[in-house]
Structures are given as structure tokens and as C-alpha cells.
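Participant: Generate a structure from the sequence data that follows.
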Amino acid sequence: MYNTISPINMHYMSLERIYTCGKWVNNWIARRADISGNWIALKDDLTIPLRTVSFAQLNEVSNKIANFLRENFGISKGDYVAILSWSRIEFVATLLACFKIGCVLAPINTRYTSREIQEFVDKVNPKVLLYEKEFSETVSNIETKKVCYDCPNEFNYEKYSSNDVSTACCLEDPALILQTGGTTGKPKFAIVSHRMILWNAVNTVRDLVIPGDVTINTLPLFHIGAFTYLIPLLMFGGTSILMRRWNVDRFIDLVEEERPTFLFLVPTQLRMLLASPRFKDADFSSVRWFTSGGGALTPDIIEKIFEKGVVQKQGFGMTEMGPGIFALDPWDAKRKMGSIGKPNLLIEARVVLQDGSEAPRGVEGELYLRGPSVFSGYLKNEEEMKSIIKDGWLATGDVARVDEEGYFWIAGRIKNIIRSGEESVYPEEIERLLIMHPKIKDAVVIGVPDPKWGEVPKALIVLKEGEKITKEEVIDFLKDKLAKYKIPKYVEVVPQLVYTETGKVARQSLKILYGKPEDKLEV
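Facilitator: Sure thing, here's the model as predicted:
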């Protein structure tokens, strides 16, 4: 008996391919250039005044870079291109050029050493590494083809044709490789598909983003957080101002000069902003709202933003699901202060207990997510992917609860939990309280060995300038706010904490530096 496909099934198979493949998947920037050619797409602070490109110019530059990569290195669909660069217009143009070709862009952490870059290259196997001149010495011995990004004689894309020779892609084709999990061990390489990019843009636009919006992109472009609003604004006609590197004074200057309509900062950046003597008198009148992700905010931070006449709301994202997963609407920002809000339009979320059942409202468990923006797996690491996908749901590793109104709250990361006897201690809960102490500028809590309990919490605190503190002061501040087993057994004053490039606490580094079970109140 022969297997046959009916004409009607063939019709639907053809439709499926039409609606999942095509140049619209990966060359949407050309369409945006047709619609909004003279609108400003990007600015960067590589120079003063800022460099500026329109959508038409950005599309033209990305076409030239695509042709440069094709003709010089034979880059074609499915190949990998690595890039080591601070945020700049050419970085985004290269991203769009890779989209057009159908190749995969792999951004490298700008803090990496030569050894780490070589490990990255060995894993990804790019056909070429594009790098800024600043990193010439770091990449000098890297074994791969290299091109200096800001050396006109090497990256001379201007000489190449601006003809659009884009290749049609399918939604499942890979577009980006982004690293994740680097603060706790060997980083994993998450595969970001065009499907993930497009659905995240749709989810994010639901978060009150409109054509003509302007934002300042403060995060490095090797991190998923940098794409939270960059891609949606490029798709839907807004403007992104790329900060080469984070600097609080420069940020305030840009806010006052460029008049952004909304802003995204991680908690570390927000604390630096509020600590600036310029913040009180800075003009934020153009800003409709602040949003934050990458960690919880304390109520005092949120209140200070509200005092500026700006709504501050929390969001939530992750490399494996994208940046636009949860949003707290502005009208709920004060009423549900500290919540990450509700899942965005095309995201399903639930909280799961250890036995796999769904947690009742108000009970903590692990946050599970499902939706079309899920990533496509880890590069050359299928086992890791299998370990976090449970019956079609992505197990996030975050401890969460849902309140009676359906709002989600994050308690902390499972991997950060301190197991003290039979109790689970969430460092993030203690940290949020510690930084509310009038003498404490910053704090992190780690687990240290204990002969009786196995592990106990130790507080590492950074004091405000000129301040001194005793262990008793710390304990007294916490004792009516926390159960006894959560109160740090040890306190150490440190000169500063260690953070990753994206503003997250490097907990493993701090445990190596300060992981002894001892008190130390003098720096």
C-alpha cells in the first residue's frame, strides 16, 4: 500500500511553510525601513554629539555588512559569527546583517580573558571573530579568523554593495547564541531562534511600548536584558540610545538631553542612580515609567522613583525564555509593589511543588513557564536542556508564589538557597532587609559551613561612607523581621561586592573571597 498525501493536506503543508518561513522572519528591518525610513532608529554615545542613524540608514549599513561578511569570509546561512565589542551602532547593524544572511551572531562577554575567549571560540567555532581595537591584545593569540571592528582598513564594509541579498529563514532557525549561568560555573550557550525573538517582541509591546518611544539601552549586548526593548523598538518604530558603558553621570546627562519616554535598569544601576547627588534635581519629566529586572527592588527604592513623578514597576525575564515574560502594569505598581506582575499575553506560568503538583495560591514552589518564546536548547548540551524541560514546561529554578489576585512574586533562586538544618533560607529575603538599614550601602548573604546545622547564613555588607557598624546593630535590625534561623550567624564588612557585567551579584566569587565562618567588622 502506498503512502499518499491528499491535495488538501499538501495545501495546508504549503501554508504552514509560508507562515513559518520567509524573509519576513529575519529581514523585518527592511520592511521597517520602508515604513519609517527617516525615523531615528539608533543613537550611540561613541562620540559627542551622539551618532545617529535612521531606519533607512541602518538597513543600508546592515546590507553592506552582510555583503562584507559574505564576500570576505564566505558567511552563509547556519554559520557562526562571534563579536567582542561594547555597545555601538555597528554592533546592532552586524546583528541585523547576520539575520539577513541567516547566520548566527555570538556576542562575547567584554570582561573575558584570553583563556575564556578561546574557550568560547572552541565551543562556538565561528567563521570569524569581529572585535574592537581596544581588545587587540586580548584576542591576539585567539585561534580563529579575526577582523578589527573599528579599524577602517579591516572592517571596510562601506565599500561594499548595499543591495539586499537576504536569505529566507524559518522561525526555528537560530539567530543568536547568548551565554547564561556564568556566575555559578561553566557558562551555558543558549540558542535563540527567530521565533523566540519575534514572540518576545510581541510580548514586550504589550508592556505599553508604542511607536515613537525612546529609551536608553544601558546593558551590554552580550546579555539578554539588552534586547528587552532594543528589538521591539527596532521592529515597531522606536529609538534606542546605546550607552557604550554604564556610568551614572552620563546616564543622567542622556536622560536630560535625549528625553527618553521609558527606562529599564537592573537593581544595581537603580541603587547607583538614587545614590547620585544629581538625582534629586535631575529632570525625568519625559519618562512615563521605569522598569527593572534581574533582581528584586526594595520598597524604599521604588518609593524614591515615585517621588520623582515616575512610575516604577518590576518585570521578569531570563535567557531561556526571553526578557519579556512578566510585566506589572503601571496602575498596579504601587498596590503590588515588589511583584513581577502577571505573565505577558503569550506566556503561561504556574508554580509547582516538589511532587509535581500545582502549588495553591500563596504557597511557594518552583516557577514553570510555557510559551512560543522558549529558547531552542543549549549548544552541544542536550542533557542540560532535558533537565529543565518538564512535560513541555520550562523549569526556571526560581522560587515563586501566586497571590489571590494572580500576581506572581519571586522569593529567590533555588541554587542560592542556604540549607540550614531542615530549613531553607533565601538570601535575597535577608538582603532586601539589610540594604534598608541606614548605615548599609549594599549587602549579600552567603552560606558558610557550620558543624551543627551544615550551613548558616553570613552577611557581607558594604557600609556607606564614614559609617561603622557592630554585629549587634545588624542582629537587632533583623530580629523582629526574620525568623531566628534566617538571621546571619556571621557578619563581615567588605570594601565592595563583586558584580557581573550585567549587575548581578557574583556569589561564587564572594564565597571564595569571604566564605570563612567568622565575623569581621573592620575593612
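Participant: What backbone torsions are found at residue 223?
Facilitator: phi -120, psi 140 (degrees, to the nearest 10).
Participant: so it makes contact with residue 176?
Facilitator: No - with contact defined as CB atoms under 8 Å, residue 223 and residue 176 do not form a contacting pair (11.3 Å). Bear in mind the C-beta positions are built from the backbone N, C-alpha and C, glycine included.
Participant: which residues of the chain score low on pLDDT?
Facilitator: Along the chain, the parts satisfying pLDDT under 70 run over 1-19, 181-185, 207, 501-502.
Participant: Domain boundaries for it, per the record?
Facilitator: As assigned by automatic domain parsing, the chain contains the domains 1-38+46-167, 426-514.
Participant: which stretch among those domains comes nearest residue 248?
Facilitator: With CB to CB, the closest approach to residue 248 among the domains of the chain belongs to domain 426-514: 12.3 Å.
Participant: what separates that closest one from the chain centre, distance-wise?
Facilitator: Here domain 426-514 is found 25 Å from its chain centre; the criterion is CA atoms, centre = their mean, to the nearest Å.
Participant: and what of stretch 288-302?
Facilitator: Per CA atoms, centre = their mean, the centroid offset for stretch 288-302 relative to its chain is 15 Å.
Participant: which residues sit against that stretch?
Facilitator: 207-208, 225, 228, 261-268, 270-271, 274, 305, 310-317, 323, 327, 330, 333-334, 337-338, 410, 428, 432, 435-436, 502-504 (CB atoms under 8 Å, 6 or more residues apart in numbering).
Participant: all helices of the stretch 101-250 of the chain, in order?
Facilitator: Using DSSP state H, counting those that start in this stretch, the helices of the stretch 101-250 of the chain run over 114-124, 136-139, 194-205, 227-236, 248-258.
Participant: Please enumerate residues in contact with the last one?
Facilitator: This means helix 248-258. With CB under 8 Å, 6+ apart, helix 248-258 has contacts from 43, 45, 50, 214, 216, 218, 241, 243, 260, 263, 269, 272-273, 276, 278-279, 282-284, 286-287.
Participant: what does the fourth one give?
Facilitator: Taking CB under 8 Å, 6+ apart as the criterion, the residues outside helix 227-236 that touch it are 28-29, 32, 41, 58, 92, 96, 197, 200-201, 204-205, 209-211, 213, 215, 217, 221, 238-240, 262, 264, 293, 315, 317, 323-324.
Participant: helix or strand for residue 350, which one?
Facilitator: strand 348-352 (DSSP states H and E).
Participant: could you say what helices and strands that strand packs with?
Facilitator: strand 365-370, strand 393-402 (3 or more CB pairs under 8 Å, 6 or more residues apart in numbering; DSSP states H and E).
Participant: Mind doing that once more with 10 Å?
Facilitator: When contacts are defined as 3 or more CB pairs under 10 Å, 6 or more residues apart in numbering; DSSP states H and E, strand 348-352 packs onto strand 342-343, strand 365-370, strand 393-402, strand 408-413.
Participant: show me where the stretch 1-150 of the chain has strands.
Facilitator: 21-22, 40-44, 51-54, 80-84, 104-107, 128-131, 146-148 (DSSP state E, counting those that start in this stretch).
Participant: can you list the ones you listed in TSV and add mean neighbour count and distance to residue 473?
Facilitator: Output for these, formatted as TSV (neighbours: other CB atoms under 10 Å; distance: least, CB to CB, whole Å):
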stretch	mean neighbour count	distance to residue 473
strand 21-22	16	63
strand 40-44	23	46
strand 51-54	16	50
strand 80-84	24	45
strand 104-107	25	44
strand 128-131	24	49
strand 146-148	19	54
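Participant: of the ones you listed, which approaches residue 443 most closely?
Facilitator: Nearest to residue 443, of the strands of the stretch 1-150 of the chain and by CB to CB, is strand 104-107 at 31.0 Å.
Participant: Who are the packing partners of that closest one?
Facilitator: Using 3+ CB pairs under 10 Å, 6+ apart, strand 104-107 is in contact with strand 80-84, helix 89-101, helix 114-124, strand 128-131, strand 174-180, strand 188-193.
Participant: rerun that using 6 Å as the cut-off
Facilitator: With contacts defined as 3 or more CB pairs under 6 Å, 6 or more residues apart in numbering; DSSP states H and E, strand 104-107 has these neighbours: strand 80-84, strand 174-180.
Participant: Would you mind putting those strands into a markdown table with distance to residue 490 alongside?
Facilitator: Below are the helices and strands packed on strand 104-107 laid out as a markdown table (distance: least, CB to CB, whole Å):
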| stretch | distance to residue 490 |
| --- | --- |
| strand 80-84 | 40 |
| strand 174-180 | 31 |
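Participant: what about the closest residue to residue 442 other than its chain neighbours, which helix or strand?
Facilitator: In space, and not counting its chain neighbours, residue 442 is closest to residue 462: 4.1 Å by CB to CB, 6 or more residues apart in numbering. Assigned by DSSP H and E, residue 462 belongs to strand 454-463.
Participant: Pull out the buried residues from that strand.
Facilitator: 455, 456, 457, 458, 459, 460, 461, 462, 463 (16 or more other CB atoms under 10 Å).
Participant: Go through those residues and say which is closest to residue 508.
Facilitator: Among the buried residues of strand 454-463, and counting by CB to CB, the member closest to residue 508 is residue 460, at 13.1 Å.
Participant: Surely that closest one and residue 444 touch.
Facilitator: Yes - counting by CB atoms under 6 Å, residue 460 does reach residue 444; the two are 5.1 Å apart.
Participant: what's the burial count for residue 498?
Facilitator: 17 (other CB atoms under 10 Å).
Participant: Same check on residue 212?
Facilitator: By other CB under 10 Å, neighbour count at residue 212 equals 13.
Participant: what sits opposite the spatially closest residue to residue 83 that is not a sequence neighbour in the beta ladder?
Facilitator: Leaving aside its chain neighbours, residue 83 sits nearest to residue 130 (4.7 Å; criterion: CB to CB, 6+ apart). Counting by DSSP bridges, residue 130 is bridged to residue 83, residue 147.
Participant: Please tell me how far residue 130 sits from residue 121.
Facilitator: 12 Å (CB to CB, to the nearest Å).
Participant: How about residue 316?
Facilitator: In terms of CB to CB, residue 316 sits 32 Å off from residue 121.
Participant: Show me what the longest helix seen in the chain is packed up against.
Facilitator: As assigned by DSSP state H, the longest helix anywhere in the chain is helix 55-73. If you count contacts as 3+ CB pairs under 6 Å, 6+ apart, helix 55-73 packs onto helix 28-36, helix 89-101.
Participant: if we can go back for a sec, could you dump the domains of the chain into CSV and include distance to residue 344?
Facilitator: Converted to CSV, the domains of the chain look like this (distance: least, CB to CB, whole Å):
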stretch, distance to residue 344
domain 1-38+46-167, 20
domain 426-514, 21
